[in-house]
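*Asks:* generate a structure from the sequence data that follows.
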Amino acid sequence: MSADDFRDLVSEFDHDAVTTLVFYRWAPPDFAFGAPVAGTGGYAAFTNSGPYAYVPNPPSEYIERLAEGDRQRESILVWQWSTALGGGPLDTLQTIDQNAHRKPDRIHDVDRAKWFEVATSYDYRAVAQVAGVVALLMDVDP
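*Replies:* Residues are numbered from 1 along each chain as shown. Okay, the predicted model is just below:
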């Protein structure tokens with residue numbers, strides 16, 4: 001891999017076999033006559049594309065970028081591949097997107113029985129072929 005390709009670092013620190021993380025993505029409900037259809041939509045587990053590196057205590061440089069009220073909340077950092085070896089884009093963890101009516105992804109750390117919600121993302125797809133997210137501890141288990 002080239003010097004500007006950090007996928008090998010994520011692969012080297014791949015924690016898929018060591019930790020049990022389950023990733024959840026929001027699917028908007030169906031609408032009929034302008035109202036949501038009961039029983040549709042909500043968060044559902046999805047398969048993460050490629051290896052990921054899980055950092056349970058992110059470095060302070062990532063924490064300082066968060067809003068002041070979120071800096072004291074427990075957080076995690078997850079790095080993952082953003083581009084496949086063949087060059088195609090991979091599905092990475094996402095934050096909220098108002099235009100697409102998308103809610104932030106959620107991460108369940110099964111080993112520690114904690115839920116986190118993605119607060120900010122770092123897309124280095126163009127320069128390093130990786131993406132990262134900082135997720136904050138949720139107040140309640142969903």
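*Asks:* all contacts plus neighbour counts: C-alpha atoms, from now on.
*Replies:* Fine.
*Asks:* outside of stretch 88-103, which residues touch it?
*Replies:* Contact partners of stretch 88-103, identified using C-alpha atoms under 8 Å, 6 or more residues apart in numbering, comprise 25-28, 48-50, 80-84, 104-105, 118-121, 131-133.
*Asks:* rerun that using 6 Å as the cut-off
*Replies:* Trp26, Ser49, Ser82, Thr83, Pro104, Asp105, Val118 (C-alpha atoms under 6 Å, 6 or more residues apart in numbering).
*Asks:* now swap in stretch 45-52 and tell me
*Replies:* Here stretch 45-52 makes contact (C-alpha under 6 Å, 6+ apart) with Val10, Ser11, Asp14, Phe23, Tyr24, Trp79, Gln80, Trp81, Leu90, Asp91.
*Asks:* between its first and last residues, how far does it reach?
*Replies:* Stretch 45-52 stretches 16 Å from its first residue to its last (C-alpha to C-alpha, to the nearest Å).
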